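S.K.: please find the sequence and the predicted model below.
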Amino acid sequence: MPRPPTKAQAITNALAARIVEGELDPGTWLPSERELARHYEADRSTVRRALRMLAEQGLVQLRHGSGAQVRTARRVRRAAADITRQVGAWRGFHVSAQKDGRTPFTRTTVTEIAASEQLAHHLDVPPGTRVLERARVQGVQGEPPVQTATTWVILDVVEQIPVLREVDTGPGGIYSRLEEAGHRITFEESVTCRLPCADEQDTLEVGPNRPVLTLWRRAYDQNGRVVEVTHRVVVGDRHELVYRYGSGA
């Protein structure tokens, strides 16, 4: 049977929920340690530990002599369908960030790798198959990264579209190049949630107890073949994913 959370963790969880759900707005000062200790029936050292954990999760900033303040960074509000249309030179994350009045950035590295067993399963190819990997870190200027987005493309598609080996694949990115080459793409996406692993903590500048969303997106061509897979790891409270449905869906 799992152990119940410690008192400090329970306080952290309660305050984190109020922040993530928008009850405590960015810039709001939390009550004093004394007030929190009285409210949660805990000693001040326990409250102090809970506030440190909130700071490690990136939800508050601790200011000596002033207290704890909810971080002022705004979420990027992203439409799930933003990859299906090109706006100017962009698709995907840049479209949503710019629509929100933010200045996005992307850092990209491109290499060729052998598909792991997990990746091979998503690409529907044998393990060890050589694929092109495009690894990106994305966010908005002046703030920590919002997400990593790693894309893998099967090599016969890359041979058909050599520009996919370049950092800059041109206006609209990979999906525009696939469309130009005659591929009619449909997407399938699955979403889960977990805690970040060590390298994700470093890259995304988050603490070990800060949840991240993990999204696997498969791109199918008109023949039902998987031609590309993207795995995104998104810091939960830096991002809002919006789905829009119709009654005929």
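M.R.: Arrived safely, thanks for sending.

S.K.: which other residues reach the helix or strand encompassing Arg34?
M.R.: Element membership of Arg34 [criterion: DSSP states H and E] is helix 33-40. Helix 33-40 has contacts (C-beta atoms under 8 Å, 6 or more residues apart in numbering) with 7, 10-11, 14, 30-31, 42-44, 46-48, 50-51, 67. Every C-beta, even on glycine, is put in place using the N, C-alpha and C of the backbone.

S.K.: just those residues: which are in strands?
M.R.: Among those, DSSP state E puts Gly67 in strands.

S.K.: among the contacts of helix 33-40, which are in helices?
M.R.: Judged by DSSP state H, the subset of these located in helices is 7, 10-11, 14, 44, 46-48, 50-51.

S.K.: tell me the one among these nearest to Arg85.
M.R.: Ala14 (40.4 Å; C-beta to C-beta).

S.K.: how close does the closest one get to Arg63?
M.R.: To Arg63, Ala14 is 21 Å away according to C-beta to C-beta, to the nearest Å.

S.K.: looking at the two now, which is surrounded by more residues?
M.R.: Ala14 (13 against 10; other C-beta atoms under 10 Å).

S.K.: number of residues surrounding the closest residue to the more buried one other than its chain neighbours?
M.R.: Among residues not flanking Ala14 along the chain, Tyr40 sits closest, at 7.5 Å (C-beta to C-beta, 6 or more residues apart in numbering). Residue crowding around Tyr40 was assessed by other C-beta under 10 Å; the count is 17.

S.K.: what's around Val229, how many residues?
M.R.: 24.

S.K.: nope, Arg48 is what I meant
M.R.: 16.

S.K.: repeat for Ser32
M.R.: Neighbour tally, Ser32, other C-beta under 10 Å: 13.

S.K.: report the contact partners of the closest residue to it other than its chain neighbours.
M.R.: For Ser32, ignoring the flanking residues on the chain, the nearest one in space by C-beta to C-beta, 6+ apart is Gly67 at 6.1 Å. Contacts for Gly67 (C-beta under 8 Å, 6+ apart) come out as 29-30, 32-33.

S.K.: could you redo the last one with a cut-off of 10 Å?
M.R.: 29-33, 35-36, 51, 60-61 (C-beta atoms under 10 Å, 6 or more residues apart in numbering).
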